[in-house]
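>>> this one's sequence-less:
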């Protein structure tokens with residue numbers, strides 16, 4: 001047979017093998033997943049386009065008209081296809097070791113979590129092993145974290161007040177550097193809580209500066225989010241500016257009832273001024289009027305100056321309590337932000353989780369209501385609940401934000417979304433923090449349902465950008481956050497008309513509706529609104545980390 005004829009015969013056989021028919025062989029799908037007929041929002045703020053999205057492995061292989069078949073196919077007609085949503089203020093660092101599903105996050109459309117307000121659940125020397133364990137056990141979402149300045153402090157000098165010696169500071173720096181080299185995104189702080197409240201601006205600058213070599217972060221729950229909000233922002237900016245690092249302000253809020261409508265515009269102006277002179281500062285936020293934290297925050301921080309154990313012993317002393325009550329009535333003091341005053345009084349501080357059957361019947365009542373029922377001082381009631389919960393942390397909701405301030409902050413192009421909630425060990429139950437706040441199940445759908453659909457505060461494109469390309473760019477996650485060929489296939493497919501945050505104060509663990517499919521690194525992880533069991537998540541690492549040479 002002549003060469004040309006031989007090649008023609010081979011081509012004909014190949015063509016026959018590539019088409020199904022009677023007795024034929026099914027063709028091998030060109031892609032692992034094809035999402036067809038969706039309204040594709042690229043995440044960059046552009047209007048949607050009608051397109052198919054094809055996925056090969058963990059990568060977006062094609063966007064446009066996809067004629068080839070996929071091993072799995074989704075008809076997204078009538079739905080939007082967006083990049084996977086990024087939770088910029090997550091609390092799942094510990095619980096992912098126990099259960100990597102993070103189903104409450106996935107069901108909100110979230111594919112990536114950035115944790116670490118309180119640092120990592122392991123010491124600095126074990127961060128690399130912690131990351132490896134997450135990936136070996138399997139996680140359904142991508143996860144990255146900060147390392148806390150408080151971790152370094154406690155490791156070097158315990159949990160009491162005081163300034164570190166040069167030797168102690170050297171040890172703190174060594175811990176931070178070690179954590180950075182293993183892949184954390186930077187240094188975090190939560191300065192309203194002891195012992196972190198005992199750290200000085202200068203100490204934090206020294207630690208934050210260690211991340212400058214790799215475009216790292218100083219990420220902070222600021223020293224005051226209430227009456228002294230503006231000065232707290234100035235401190236955060238100063239730390240980042242002098243440290244040469246980016247600044248992320250956690251859960252931006254004007255949490256001070258007497259200052260509603262006044263403080264937030266001042267705070268935003270402070271951030272804008274810093275950005276105008278070149279400081280890379282931005283913020284995340286959650287769209288709710290109440291924050292949630294331990295009820296022990298109502299105790300002035302000096303009580304814990306000799307450590308937590310001695311502090312709780314002091315709290316039992318009636319003489320000490322008399323002084324504390326006077327201080328609570330007087331307002332905030334240096335080193336302590338008075339969230340009772342910020343909320344407008346004990347009637348706006350609601351018991352969320354007492355961790356003791358004695359107080360279970362009072363769950364969801366304000367401390368003021370409980371005190372009136374018992375005929376007691378509300379401070380005594382609150383602090384008895386704190387002590388009765390030990391070794392757990394009694395949790396409370398503090399209704400201290402104004403919707404007008406929330407709307408103003410959401411309008412800013414540099415704000416992203418962070419839930420300040422953990423994954424739940426079991427879907428349908430409260431998050432691993434033990435805090436029944438609707439943000440654990442509703443934050444991301446609420447941004448669209450409330451502020452796009454209902455209030456028309458944001459366009460859909462603006463809201464999606466806040467949850468995708470903007471946080472990805474902010475964190476240096478240049479391989480995701482936008483629907484573009486060659487990038488990671490983290491995708492959220494939702495029905496705009498059905499999208500709703502069902503979680504409320506009365507029913508904080510209700511699942512949202514309208515999030516139909518979620519894809520993580522190419523794996524279909526939520527399908528028809530249900531978790532598939534896939535665990536395709538990866539650890540996200542900061543710029544100081546270098547992959548081992550193989």
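Here it is on my side, so go on. Everything numeric here is computed off the predicted structure, so don't read it as measured data. Residues are numbered from 1 along each chain as shown.

>>> can we go C-alpha only for contacts and neighbour counts from here?
OK.

>>> in contact with the nearest residue to residue 75 once chain neighbours are set aside, which residues?
Distance criterion C-alpha to C-alpha, 6 or more residues apart in numbering; nearest residue to residue 75, sequence neighbours excluded, is residue 36 at 5.0 Å. Residues counted as contacts of residue 36 (C-alpha atoms under 8 Å, 6 or more residues apart in numbering) are 51, 52, 53, 66, 73, 74, 75, 76, 77.

>>> list the buried residues in stretch 522-539.
522-526, 529, 531, 534-539 (16 or more other C-alpha atoms under 10 Å).

>>> now, which of the residues you listed lie within strands?
If you go by DSSP state E, the buried residues of stretch 522-539 have 523, 524, 525, 526, 531 in strands.

>>> which residues touch residue 379?
Applying C-alpha under 8 Å, 6+ apart, we find residue 379 in contact with residue 325.

>>> closest to residue 328 out of the ones in strands among the buried residues of stretch 522-539?
residue 531 (46.2 Å; C-alpha to C-alpha).

>>> next up, the contacts around the closest one.
103, 107, 525.

>>> what does the model give the last one for pLDDT?
By that I understand residue 525. As predicted, residue 525 sits at a pLDDT of 98.

>>> thought it was touching residue 533?
Yes. If you go by C-alpha atoms under 8 Å, residue 525 and residue 533 touch, sitting 6.7 Å apart.

>>> now find how far off-centre stretch 410-417 is within its chain.
Centroid separation for stretch 410-417 versus its chain: 14 Å, with C-alpha atoms, centre = their mean, to the nearest Å.

>>> identify each buried residue in it, please.
Using 16+ other C-alpha under 10 Å as the test for burial, stretch 410-417 gives 410, 414, 415, 416, 417.

>>> what does the pLDDT read for the second one?
Residue 414 is assigned a pLDDT of 98 by the prediction.

>>> just give the nearest non-adjacent residue to it, would you?
residue 282 (5.5 Å).

>>> shouldn't the one you found be within a strand?
Yes. Assessed with DSSP: H, G, I helix; E, B strand; the rest coil, residue 282 lies in a strand.

>>> that one against residue 252, yeah?
No. Taking C-alpha under 8 Å as the definition, residue 282 is not a contact partner of residue 252, at 9.4 Å.

>>> ok, then the element right after the one helix or strand residue 143 maps to?
Assigned by DSSP states H and E, residue 143 belongs to strand 142-145. Scanning forward in sequence from strand 142-145 by DSSP H and E, the next helix or strand is strand 147-148.

>>> would you map the helices across the stretch 101-250 of the chain?
With DSSP state H, counting those that start in this stretch as the criterion, the stretch 101-250 of the chain has helices at 103-106, 127-137, 149-157, 166-181, 201-208, 229-243.

>>> ok, which of those comes nearest residue 84?
Nearest of the helices of the stretch 101-250 of the chain (C-alpha to C-alpha): helix 103-106, 9.5 Å.

>>> for that closest one, what is the average pLDDT?
Rounded mean pLDDT across helix 103-106 is 98.

>>> residue 210: neighbouring residues, count only.
22 (other C-alpha atoms under 10 Å).

>>> ok, it to residue 175 distance?
Residue 210 sits 10 Å away from residue 175, going by C-alpha to C-alpha, to the nearest Å.

>>> what's the answer for residue 160, then?
Residue 160 sits 19 Å away from residue 175, taking C-alpha to C-alpha as the criterion.

>>> those two: which is more packed in?
The neighbour comparison of residue 160 against residue 175 (other C-alpha under 10 Å) goes to residue 175, with 23 against 20.

>>> quick one, which of the helices of the stretch 101-250 of the chain is packed in tightest?
Across the helices of the stretch 101-250 of the chain, averaging neighbours per residue (mean count of other C-alpha atoms under 10 Å) puts helix 103-106 on top, at a mean of 28.

>>> that helix - contacts with which helices or strands?
Contact analysis of helix 103-106 by 3 or more C-alpha pairs under 8 Å, 6 or more residues apart in numbering; DSSP states H and E lists helix 439-448 as its packing neighbours.

>>> next secondary structure element downstream of the helix it packs on?
Counting by DSSP H and E, what follows helix 439-448 is helix 460-467.

>>> now the angle from that next one to helix 439-448?
150 degrees (axes from the mean of the first three to the mean of the last three C-alpha atoms, to 10 degrees).

>>> how far is the following helix or strand past helix 460-467 from where the chain is centred?
Next in sequence after helix 460-467, counting helices and strands by DSSP H and E, comes helix 469-475. Taking C-alpha atoms, centre = their mean, one finds the center of helix 469-475 at 13 Å from the center of the full chain.

>>> buried ones in helix 469-475, by neighbour count?
Per 16+ other C-alpha under 10 Å, helix 469-475 contains these buried residues: 469, 470, 471, 472, 474, 475.

>>> per-residue pLDDT, the fourth one?
Per-residue confidence for residue 472 comes out at a pLDDT of 98.

>>> so it sits right up against residue 490, yeah?
No. Between residue 472 and residue 490 there is no contact under C-alpha under 8 Å: 11.6 Å.

>>> which residues are in contact with each of those two?
In contact with both residue 472 and residue 490: 480, 481, using C-alpha under 8 Å, 6+ apart.

>>> any idea how far residue 249 is from residue 368?
In terms of C-alpha to C-alpha, residue 368 sits 31 Å off from residue 249.

>>> do residue 208 as well
Counting by C-alpha to C-alpha - residue 208 and residue 249 are separated by 14 Å.

>>> pLDDT on the host helix or strand of residue 329, on average?
Secondary structure from DSSP H and E places residue 329 in helix 318-330. For helix 318-330, mean pLDDT is 93.

>>> what about residue 315, neighbour count?
Neighbours around residue 315, by other C-alpha under 10 Å: 20.

>>> should've said residue 66
Counted with other C-alpha under 10 Å, residue 66 comes out at 18.

>>> what of residue 445?
26.

>>> wait, it sits on residue 106?
No. Applying C-alpha under 8 Å as the test, residue 445 and residue 106 come out as separate, 11.3 Å apart.

>>> for residue 276, grab the count of nearby residues.
10.

>>> so for it, what's the pLDDT?
98.

>>> gap between it and residue 332?
For residue 276 relative to residue 332 (C-alpha to C-alpha), the value is 31 Å.

>>> same question, residue 288
Taken as C-alpha to C-alpha, the span from residue 288 to residue 332 is 23 Å.

>>> same deal with residue 502?
36 Å.

>>> return the distance of residue 456 relative to residue 528.
The value you get for residue 456 to residue 528, if C-alpha to C-alpha is used, is 28 Å.

>>> show me the shaky parts of the stretch 1-150 of the chain.
Within the stretch 1-150 of the chain, the segments meeting pLDDT under 70 span 1-25.

>>> can we see that at 90?
Scanning the stretch 1-150 of the chain for pLDDT under 90 picks out the ranges 1-27.

>>> which residues in it form strands?
31-40, 49-56, 59-64, 70-75, 80-83, 85-87, 110-115, 142-145, 147-148 (DSSP state E, counting those that start in this stretch).

>>> buried ones in the second one?
The reference is to strand 49-56. 50, 51, 52, 53, 54, 55, 56.

>>> tell me what that strand is packed against?
Applying 3+ C-alpha pairs under 8 Å, 6+ apart, one finds that strand 49-56 makes contact with strand 31-40, strand 59-64.
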